[in-house]
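1. What follows is a predicted protein model with its sequence.
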Amino acid sequence: MRSVFGIVALAGLAVGRPAPEPLLLEARAVTVVDQETGFTFSETKAAATLSANIVFRIATPANVPAGQPYDIVLQVVAPNSVGWAGLAWGGSMVRNPLTVSYANGQRTTVSARWATGHSTPQAYSGATFTLLSKGNKSNGTHWQLTAKCTGCTTWTGSSGAVRIDPRDSKRLGYACAAAKPSNPSSPTSSIPVHDVYNYITHDFSAGANANFAALLTQNGISEVPTGNATLFDN
């Protein structure tokens, strides 16, 4: 029987087993234009298994003033064999925003979490998500999340203020498991221990959008962020 460690599983880079040596990957500048939402994304594929990838796509506003915070749009496309997927914006599972997403039948759930060390990651109020009216769907093979995040690219870490430069590449951490969360409808559900964790290098500059604000409006962004989205069949 698979052991369930709750949401402490997301801190797997820090606890539970020795972390592997960082896998330093070349920055990928793969630009993808999503015909459904209209956003231009920078895309990085992360291995979930030997034969299946999780696709992480990030869209940023163009011409962000130096040193200023900014929102992003995150799109996660995962095969149905992935029970949950997590992204660590600081490249480590400790003291940086963690984004966890998973399918819930014909819905999907996303949550912001934070780990302070060898302890269970807690809900993180420093990052909020607003789901787009488009780009959230599932079919017989994959589930997809598309959401705006406020607070994913700036935070206060162990060494002070951190900001991801939208014109640069950044190492991110990711984790995933085949088993599903215990309560898929809840953004604070416990999650099974990860099967995979590793690193990707993501080129944020490849996803710049000059019309970022207009595209958000076209995709029905509301002012109240939520953790769930209704998914539509392809």
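-> Great, that's in hand. The structure displayed is predicted, hence computed values, not measured ones. Residues are numbered from 1 along each chain as shown.
2. Could I get the phi/psi values of residue 209?
-> Backbone torsions of residue 209, given as degrees, to the nearest 10, read phi -130, psi 120.
3. Going forward, the N-terminal residue is numbered 30.
-> All right, first residue 30 from here; so that's residue 238.
4. And the lowest mean pLDDT element among the helices and strands of the chain?
-> For the chain, counting by mean pLDDT, DSSP states H and E, strand 257-259 ranks last in confidence among helices and strands (a mean of 38).
5. Test my guess that residue 205 contacts residue 225.
-> Yes. Under the criterion of CB atoms under 8 Å, residue 205 makes contact with residue 225 at 5.3 Å. No exception for glycine: its C-beta is placed from N, CA and C like everyone else's.
6. Do me a favour and get the end-to-end distance for stretch 97-115?
-> The first and last residues of stretch 97-115 sit 26 Å apart, counting by CA to CA, to the nearest Å.
7. In that stretch, which residues are buried?
-> 99-108, 111-115 (16 or more other CB atoms under 10 Å).
8. Of residue 205 and residue 225, give the one with the bigger neighbour count.
-> Of the pair residue 205 and residue 225, residue 205 is the one with more neighbours under other CB atoms under 10 Å, namely 27 against 17.
9. Look up which residues are beta-bridged to the nearest residue to that one once chain neighbours are set aside.
-> Spatially, and ignoring its direct neighbours in sequence, residue 205 is nearest to residue 114 (4.6 Å; CB to CB, 6 or more residues apart in numbering). Note on residue 114: beta-bridge partners residue 130, residue 205, judged by DSSP bridges.
10. Contacts only, for residue 114.
-> Residue 114 is in contact with 77, 83, 105, 107, 129, 130, 131, 203, 204, 205, counting by CB atoms under 8 Å, 6 or more residues apart in numbering.
11. which residues touch the first one?
-> Contacts of residue 77 were listed using CB under 8 Å, 6+ apart, and they are 83, 107, 108, 110, 111, 114, 205, 225.
12. Could you check how far it is from residue 219?
-> Relative to residue 219, residue 77 is positioned 20 Å away (criterion: CB to CB, to the nearest Å).
13. So residue 70 sits against residue 61, correct?
-> Yes. Counting by CB under 8 Å, residue 70 does reach residue 61; the two are 4.9 Å apart.
14. For those two, list the residues in contact with both.
-> Common neighbours of residue 70 and residue 61, counting by CB under 8 Å, 6+ apart, are residue 86.
15. which one of the two has more residues nearby?
-> residue 70 (25 against 16).
16. Give me the pLDDT value at residue 56.
-> Looking at residue 56, its pLDDT reads 46.
17. show me where pLDDT drops low in the protein?
-> Across the chain, residues meeting the criterion (pLDDT under 70) sit at 30-58, 147-149, 251-263.
18. List the buried residues in stretch 141-160.
-> So, applying 16+ other CB under 10 Å, buried residues of stretch 141-160: 141, 142, 143, 144, 149, 150, 153, 156, 157, 158, 159, 160.
19. Narrow those residues to those in strands?
-> If you go by DSSP state E, the buried residues of stretch 141-160 have 141, 142, 143, 157, 158, 159, 160 in strands.
20. With distance to residue 95 added, can I get these in CSV?
-> Formatted as CSV, those follow (distance: CB to CB, whole Å):
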residue, distance to residue 95
141, 26
142, 29
143, 26
157, 24
158, 26
159, 25
160, 30
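21. Report the separation between the closest residue to residue 96 other than its chain neighbours and residue 66.
-> Excluding its sequence neighbours, the residue lying closest to residue 96 (CB to CB, 6+ apart) is residue 192, at 7.0 Å. Distance, residue 192 to residue 66, using CB to CB: 25 Å.
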